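**Q** would you be able to build a 3D model of this:
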Amino acid sequence: MSARGQRILVLDDDAAVVDFLCESLTERGYVTVGMTSPEEALARCVEEAFDLVISDVEMPRMRGTEFLEAVLARRPGQLVLLITAFGSIELAVAAVKAGACDFVTKPFNIDALVLSIDRAFRERQLRREIVRLRAAVPTDAPGGLVARSPAMRKVLEMARRAARTDSTVLLTGETGTGKSALARLVHESSARRAEPFLQLNCAALPPGLAESELFGARRGAFTDAREDRAGVFVAVGAGTLFLDEVGELSLEVQAKLLQALETGKVRPLGASAEVTVRARVVAATNRPLEELLRDGRFRPDLYYRLNVIRLEVPPLRERREDIVPLVDFFLGRLGGAQAREVLGVSAAAMRRLVAHAWPGNVRELANLLERAVALADHDTLVPEDFDLPGDSGGMQALFTRARGEELPLEDVERAYVRRIVDAQNGNKAAAARILGINRRTLYRKLGEE
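**A** This is a model prediction of the structure:
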């Protein structure tokens, strides 16, 4: 890799070493700045951008590792290469853990040092390329609707088929599974894609205002109606209206929603005439509407009118094959948003993510990754970066009896397998896939063979 004028700051308390390094690197095409004071070098790093900083470890006023931490605190992602005459495996490991890109011992061959410098630049370029590619790769759908699992692939295919029609679509599934993103996919895959997409959370509507929000109101229709107001049915025009948590609407509003769907007309509060509407409706619920029907809290006629095309979004625990690609998707998006070069998740951390039950589904995963990226000071996330609810003490409890006595390995293994089965709601075939074993082995480990 040619130097191409990369700027390098060289720091060593020995002026002769600084001069030698600066001269040697300048001859090879680098632009160098030499300094002997850690404090002045730190100030220079804050004021100017350097492609690489080379620092000695043993200096009178500040150790190189301390200088490294100070630089990275002020310039996260700065490449810092440490050199020392007191090389050891322990020191090298500590330096790299602290954030150094490499560690070189004295006396060193200048050509070997240049190879180390080139390697650091190549790795930085690779990181940038990974971030760029993650940002450039299109996703299957808005909002991270990544689908590697057969179950989710089927849902996306059905959504695209539904988009070709004007039929009402009902989305069901737990909170956080991606129903809003799926509704947007239906819209953006339809002939209405150039028209507006409006989302209304029915559960968040103040009591008594649902009707005016949906259908509009004329001035003076109620106390706060100081001017005419168009409801979302009118505002969305010929676009798609997404009614989230539709089961939270009152029976009175449900009746008017049914009328709007059947006649294509709404009557704003206080109006004497109806208004024609052209919206396509996609509704969603995280509560089984069938239960609301039995309880008399949802109109059967509206249920059948909404339930023309039904798409059930599976919870994340039932499609664990999607967790790894979802992690890649969210890391790519977070890297761009937070200006961080996050390369990925360690194998141990990924195993932990895949084994988690995810009661909050995809939303929980996205929030967990955002927190980890924001707080981690390294580019590969490890298990300690993830604060999974219920983890503390959960697995630990598998390893000890009530009296603090250690469990036999067979008991630990059986308890762990049982936990995975429980997380799959008793689906042993799914648990076997996650554990990478066949069903017969699973039964044997559970003591059920």
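**Q** please count neighbours and contacts with C-alpha atoms only from this point.
**A** OK.
**Q** the nearest residue to Thr285 once chain neighbours are set aside - how many residues pack around it?
**A** With CA to CA, 6 or more residues apart in numbering as the criterion, Thr285 has its nearest non-adjacent residue at 4.5 Å, and that residue is Glu245. By the criterion of other CA atoms under 10 Å, Glu245 has 20 neighbours.
**Q** distance of Glu245 relative to Phe215?
**A** Distance, Glu245 to Phe215, using CA to CA, to the nearest Å: 17 Å.
**Q** with Asp295 instead?
**A** For Asp295 relative to Phe215 (CA to CA), the value is 27 Å.
**Q** who has more neighbours out of the two?
**A** Neighbour tally, Asp295 and Phe215, criterion other CA under 10 Å: the higher count belongs to Phe215, 25 against 9.
**Q** got the contact list for Thr36?
**A** 11-15, 18 (CA atoms under 8 Å, 6 or more residues apart in numbering).
**Q** who wins for neighbours among those residues?
**A** Ranking the contacts of Thr36 using other CA under 10 Å puts Leu11 first, with 30 neighbours.
**Q** which strand residues bridge that one?
**A** Here Leu11 sits in beta bridges with Met35, Ser55, as judged by DSSP bridges.
**Q** what of Leu198?
**A** In beta-bridge terms (that is, DSSP bridges), Leu198 pairs with Leu241.
**Q** that one touches Gly237, doesn't it?
**A** No - counting by CA atoms under 8 Å, Leu198 sits too far from Gly237 to count as a contact (9.9 Å).
**Q** Phe298 and Leu249: what is the separation?
**A** Taking CA to CA, one finds Phe298 at 8 Å from Leu249.
**Q** the two: who's more crowded?
**A** Phe298 (22 against 19).
**Q** what about stretch 262-276, start to end distance?
**A** 12 Å.
**Q** tell me the mean pLDDT for stretch 326-344?
**A** Stretch 326-344 shows a mean pLDDT of 72.
**Q** sorry, that was for stretch 297-317
**A** The model assigns stretch 297-317 a mean pLDDT of 96.
**Q** contact partners of that stretch?
**A** Identification of contacts with stretch 297-317 by CA under 8 Å, 6+ apart yields 151-152, 155, 158-159, 162, 167-174, 177-179, 247, 250-251, 254-255, 257-258, 261, 283, 289, 292-293, 322-323, 356-358, 361-362, 423-424.
**Q** which among those residues end up buried?
**A** Buried members of the contacts of stretch 297-317, counted by 16 or more other CA atoms under 10 Å: 152, 155, 159, 162, 167-174, 177-179, 247, 250, 254, 257-258, 261, 283, 289, 292, 322-323, 356-358, 361-362, 423-424.
**Q** among those, which lie within helices?
**A** 152, 155, 159, 162, 179, 254, 257-258, 261, 289, 292, 323, 361-362, 423 (DSSP state H).
**Q** state the pair within those that is farthest apart.
**A** Leu261 and Ala423 (39.7 Å; CA to CA).
**Q** show me where the protein has strands.
**A** 7-11, 31-35, 52-56, 80-84, 102-105, 169-172, 197-201, 240-244, 265-266, 275-276, 280-285, 309-312, 344-345, 380-381 (DSSP state E).
**Q** and these as JSON lines, adding distance to Leu145?
**A** Output for these, formatted as JSON lines (distance: least, CA to CA, whole Å):
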{"stretch": "strand 7-11", "distance to Leu145": "42"}
{"stretch": "strand 31-35", "distance to Leu145": "46"}
{"stretch": "strand 52-56", "distance to Leu145": "39"}
{"stretch": "strand 80-84", "distance to Leu145": "38"}
{"stretch": "strand 102-105", "distance to Leu145": "39"}
{"stretch": "strand 169-172", "distance to Leu145": "14"}
{"stretch": "strand 197-201", "distance to Leu145": "18"}
{"stretch": "strand 240-244", "distance to Leu145": "17"}
{"stretch": "strand 265-266", "distance to Leu145": "34"}
{"stretch": "strand 275-276", "distance to Leu145": "34"}
{"stretch": "strand 280-285", "distance to Leu145": "16"}
{"stretch": "strand 309-312", "distance to Leu145": "14"}
{"stretch": "strand 344-345", "distance to Leu145": "19"}
{"stretch": "strand 380-381", "distance to Leu145": "23"}
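**Q** flag the shaky bits of the stretch 101-250 of the chain, pLDDT-wise.
**A** Where the stretch 101-250 of the chain drops to pLDDT under 70, the residues are 127-144, 220-227.
**Q** how does it look with 50?
**A** Counting by pLDDT under 50, the stretch 101-250 of the chain contains low-confidence ranges at 137-141.
**Q** distance of Ser250 from Phe298?
**A** 8 Å.
**Q** got a list of what Val93 touches?
**A** Neighbours of Val93 in contact, by CA under 8 Å, 6+ apart: none.
**Q** let's see the pLDDT reported for it.
**A** At Val93, pLDDT is 71.
**Q** can you check the one 3 residues further on too?
**A** Confidence per residue is given as pLDDT, and for Val96 that number is 75.
**Q** returning to that earlier point: just curious, which of the ones in helices among the buried ones among the contacts of stretch 297-317 is nearest to Met59?
**A** Of all those, Ile323 has the smallest distance to Met59: 46.9 Å, by CA to CA.
**Q** contacts only, for the closest residue to that closest one other than its chain neighbours.
**A** Spatial nearest neighbour of Ile323, excluding adjacent residues (CA to CA, 6+ apart): Val354 at 6.3 Å. Residues near Val354 by CA under 8 Å, 6+ apart: 320, 323-324.
**Q** how far away is Ala238 from Leu369?
**A** 37 Å.
**Q** an error on my part: the question was meant for Tyr443.
**A** 34 Å.
**Q** more neighbours: those two, which one.
**A** Neighbour comparison, Tyr443 and Leu369: the larger count goes to Leu369, with 20 against 15 (by other CA under 10 Å).
**Q** the more buried one against Phe330, yeah?
**A** Yes - Leu369 lies in contact with Phe330 (CA under 8 Å); the separation is 7.3 Å.
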